[in-house]
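>>> Sharing a model prediction with you, sequence too.
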Amino acid sequence: VFKANLDKMAVLLVKPDALKVLGDEGTDSGTDEDLSEKEAVTYSIFEQAHRIQNFISNAAALSSSFVGNCGPQRELASFILMEAIAARLLPVLSLVRNVGASGNQKAEAILQIVWSDIKGAGWLDDDALMLQTAPIRAALEQM
């Protein structure tokens, strides 16, 4: 079920230099049309990040309902850690660095929520999942 739903999620990846960084004051030398396009792209990036974050949170909550570190829980955890977090969430959040300081704060907040959810599910404490948790551990170190 999770694999099919994740495959249906489109991930918007934009060339990093396509998003011109706006100043903290919100000033921009482009036209109103350029600004409107940037706002639309920025909104879609954050919307996608929130959808993936909710998907991960739901999977972690379901996983914690399994008793112990059984096979189905590890399989689900491995899939979510590699496919949802490493292959989808982190690339989307990497685009946020081009949005400015507020974008970095939002990205960090999303990562903290995901970290809390997967920690609550016990995925961070499972030695068999150490390799799969490496991408999110590294991302949080860099924030």
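Cool, the structure landed. Residues are numbered from 1 along each chain as shown.

>>> dump the residue contacts of Ile85.
Ile56, Val114, Ile118, Pro135, Ile136 (CB atoms under 8 Å, 6 or more residues apart in numbering). Bear in mind the C-beta positions are built from the backbone N, C-alpha and C, glycine included.

>>> which pair in those spans the largest distance?
Ile56 and Pro135 (12.6 Å; CB to CB).

>>> more neighbours, these two?
The neighbour comparison of Ile56 against Pro135 (other CB atoms under 10 Å) goes to Ile56, with 25 against 16.

>>> And the residue nearest the centre of the chain, what's its pLDDT?
Nearest to the mean C-alpha position of the chain, by CA atoms, centre = their mean, lies Leu89 at 2.8 Å. The model reports Leu89 with a pLDDT of 93.

>>> my guess is it meets Asn54, correct?
No: assessed by CB atoms under 8 Å, Leu89 is found out of contact with Asn54, at 10.9 Å.

>>> Quick check: nearest residue in space to Ala49, chain neighbours excluded?
Val92 (5.0 Å; CB to CB, 6 or more residues apart in numbering).

>>> Which positions in the host helix or strand of the one you found come out as buried?
Using DSSP states H and E, Val92 sits within helix 90-94. Neighbour counts over helix 90-94 (16 or more other CB atoms under 10 Å) mark Leu90, Val92, Leu93 as buried.

>>> and which of those residues is nearest to Gln73?
Of all the buried residues of helix 90-94, Leu90 has the smallest distance to Gln73: 22.4 Å, by CB to CB.

>>> residue contacts, the closest one?
With CB under 8 Å, 6+ apart, Leu90 has these contacts: Pro135, Ile136, Ala139.

>>> what's the answer for Asp117, then?
Counting by CB under 8 Å, 6+ apart, Asp117 touches Ile56, Ser57, Ala60, Ala61.

>>> same thing but at 10 Å, please
Applying CB atoms under 10 Å, 6 or more residues apart in numbering, one finds that Asp117 lies in contact with Gln53, Asn54, Ile56, Ser57, Asn58, Ala59, Ala60, Ala61, Ser63, Ser64, Ile80, Trp123.

>>> just those now: which is nearest Ala4?
Ala59 (12.9 Å).
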